[in-house]
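Trainee: Build me a model:
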Amino acid sequence: MTANVGTIDRIFRAVLGLVLLWFAFFSGLPLADTPVWKYGAAIVGVVMLIVALVRVCPIYSIFGLKTCA
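Mentor: Residues are numbered from 1 along each chain as shown. Have a look, this model is predicted:
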């Protein structure tokens, strides 16, 4: 698959993924104690980090979007 995620998009996704993982496991907020929010944020965070690493977003591929040059 060809890369369709640009540098700024990768940085944003990596930061968002790390923030979501922090929220899920280390924030200590009451909302993060409910399993739906905790594991939902963790799953989305991991997906964001994977997309940032491999530079391929399946949703972008479906819609024909590309944020890299």
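Trainee: Now do the contacts for the residue positioned nearest the centre of the chain.
Mentor: Ranked by distance to the mean C-alpha position of the chain (CA atoms, centre = their mean), the top residue is residue 48 at 1.7 Å. Residue 48 makes contact with 13-14, 16-17, 20, according to CB atoms under 8 Å, 6 or more residues apart in numbering. In this view, the C-beta of every residue, glycine as well, is placed from N, C-alpha and C.
Trainee: Find me the pLDDT at the residue lying farthest from the centre of the chain, would you?
Mentor: Going by CA atoms, centre = their mean, the residue of the chain most distant from its centre is residue 30, 22.2 Å out. Residue 30 carries a pLDDT value of 94.
Trainee: swap in residue 1?
Mentor: For residue 1, the predicted pLDDT is 79.
Trainee: any idea how far it lies from residue 34?
Mentor: Using CB to CB, to the nearest Å, we find residue 1 at a distance of 36 Å from residue 34.
Trainee: for residue 2, same thing?
Mentor: 39 Å.
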